[in-house]
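Participant: only the shape, not the letters, is given here:
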Ligand SMILES: Nc1nc(=O)c2c([nH]1)NC[C@@H]1CN(c3ccc(C(=O)N[C@@H](CCC(=O)O)C(=O)O)cc3)CN21
Ligand SMILES: O=c1ccn([C@H]2C[C@H](O)[C@@H](COP(=O)(O)O)O2)c(=O)[nH]1
């Protein structure tokens with residue numbers, strides 16, 4: 001929590017105003033932030049200076065891991081975050097590749113599970129790394145990347161947290177995650193949870209101890225219409241981190257693809273301040 005507060009404080013004190021053409025809302029911006037999450041010590045990075053929702057964040061991650069390409073699929077598992085980008089984003093509504101209501105196009109999980117190869121066949125990046133890690137193999141390229149610049153026009157939004165590199169050191173699995181653009185009041189709340197759960201889950205299904213996540217952000221920003229609320233949030237004193245419990249019956253990628261739901265995840269000891277409803281820029 002301390003590193004999150006430090007980043008928010010840094011943006012408020014040192015941020016530079018940057019106009020954003022896509023949303024039309026300017027952002028107070030800093031470049032380069034490094035966050036770390038201690039999965040081994042189960043310090044779950046759920047925000048405590050406001051009430052935070054971890055289940056939609058985990059649902060969104062499950063959707064990515066399953067290769068979802070439609071906001072209705074995300075809604076069905078408890079995640080509403082893709083409705084606006086699927087259906088209220090003017091550039092996407094006018095894009096001839098959009099296949100209709102709720103379509104997201106070739107975003108995130110589609111790239112992760114079905115990267116299109118030049119010969120027309122599909123590459124499943126996630127299956128490859130799960131197979132290798134399960135055998136104790138780290139080929140120094142155990143990477144899940146959603147970043148496919150050649151297909152940006154085929155999706156509603158370029159991926160923000162776009163690349164996850166898994167590394168085995170002895171029997172401990174670590175994760176380095178890269179993010180190009182971060183809405184600190186709204187998106188980061190979800191992204192911290194997702195980095196933590198991604199390492200915990202992949203370690204669990206590949207039979208390793210989970211170590212640390214190293215989360216690297218290039219552009220970290222607060223939208224102008226969020227700033228006053230953030231200043232209010234920064235006056236609050238954080239509580240200790242809660243703990244995350246994951247159903248131990250999850251043992252394979254097939255489990256994640258078929259029966260796992262957000263109810264297989266629970267938090268213990270979550271103390272928090274009241275909710276803050278931050279505005280969302282599409
Ligand atoms: N401007 C912007 N910020 C983002 O964080 C963002 C995007 N766009 N577009 C794509 C996804 C969607 N994401 C989102 C969208 C909404 C919330 C949100 O409204 N969160 C609420 C709780 C939502 C709930 O209860 O389901 C929050 O208070 O954190 C969070 C992340 C992250 N991404
Ligand atoms: O996981 C996510 C997804 C999105 N965001 C934020 C970061 C930006 O504020 C917008 C995306 O806009 P771009 O113009 O494509 O950068 O969404 C996030 O923080 N986390």
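Facilitator: On my side now, so go ahead. Remember, predicted model here, so these are calculated numbers, not experimental data. Ligands and ions are numbered 1, 2, ... in the order given.
Participant: nearest to ligand 2: which residue in this protein?
Facilitator: The chain approaches ligand 2 most closely through residue 187 (2.1 Å), counting by C-beta to the nearest ligand atom. Placement of C-beta: from N, CA and C, glycine included.
Participant: can you get me a residue count around that residue?
Facilitator: Neighbour count of residue 187, defined by other C-beta atoms under 10 Å: 21.
Participant: give the pairing partners of the helix or strand where residue 211 lies; include direction for each.
Facilitator: Taking DSSP states H and E as the criterion, residue 211 maps to strand 209-223. Applying DSSP bridges to the sheet, strand 209-223 is found paired with strand 27-38 (antiparallel), strand 172-183 (parallel).
Participant: distance of residue 25 relative to residue 223?
Facilitator: 5 Å (C-beta to C-beta, to the nearest Å).
Participant: what's the answer for residue 142, then?
Facilitator: Residue 142 is 35 Å from residue 223, by C-beta to C-beta.
Participant: likewise residue 130?
Facilitator: 36 Å.
Participant: what does residue 249 give?
Facilitator: From residue 249 to residue 223 the distance is 41 Å (C-beta to C-beta).
Participant: who's in contact with stretch 63-75?
Facilitator: Outside stretch 63-75, the residues that touch it by C-beta atoms under 8 Å, 6 or more residues apart in numbering are 59-60, 77, 79-83, 85-87, 102-110, 112-114, 126, 146, 253, 256-257.
Participant: mark which of those are buried, thanks.
Facilitator: 59-60, 77, 79, 81-82, 85-87, 102-110, 112-114, 126, 146, 253, 256 (16 or more other C-beta atoms under 10 Å).
Participant: how many neighbours does residue 84 have?
Facilitator: Other residues near residue 84 come to 14 when the count uses other C-beta under 10 Å.
Participant: please disregard the earlier target; I meant residue 137.
Facilitator: Using other C-beta under 10 Å, residue 137 has 11 neighbouring residues.
Participant: again with the one 10 residues further on
Facilitator: For residue 147, the neighbour count with other C-beta under 10 Å is 15.
Participant: with adjacent residues omitted, what lies nearest to it?
Facilitator: Leaving aside its chain neighbours, residue 147 sits nearest to residue 162 (4.0 Å; criterion: C-beta to C-beta, 6 or more residues apart in numbering).
Participant: residues in contact with the one you found?
Facilitator: By C-beta under 8 Å, 6+ apart, the residues touching residue 162 are 145, 146, 147, 178, 179, 180.
Participant: before we move on, back to that, ok, residue 249 and residue 223, which is more surrounded?
Facilitator: Set residue 249 next to residue 223 and count neighbours by other C-beta under 10 Å: residue 223 wins out with 21 against 9.
Participant: does residue 167 have beta-bridge partners, and which?
Facilitator: Those that pair with residue 167 in a beta bridge, by DSSP bridges, are residue 174.
Participant: so what pLDDT did it get?
Facilitator: For residue 167, the pLDDT comes out at 98.
Participant: pretty sure it sits against residue 176.
Facilitator: Yes - counting by C-beta atoms under 8 Å, residue 167 touches residue 176, with 7.0 Å between them.
Participant: nearest to ligand 1, out of the strands paired with strand 209-223?
Facilitator: For ligand 1, the closest of those is strand 172-183, at 3.5 Å, according to C-beta to the nearest ligand atom.
Participant: out of the buried ones among the contacts of stretch 63-75, which sit inside helices?
Facilitator: 59-60, 85-87, 108-110, 112-113, 126, 253, 256 (DSSP state H).
Participant: which pair in these spans the largest distance?
Facilitator: By the measure C-beta to C-beta, 87 and 253 form the most distant pair in those, at 30.4 Å.
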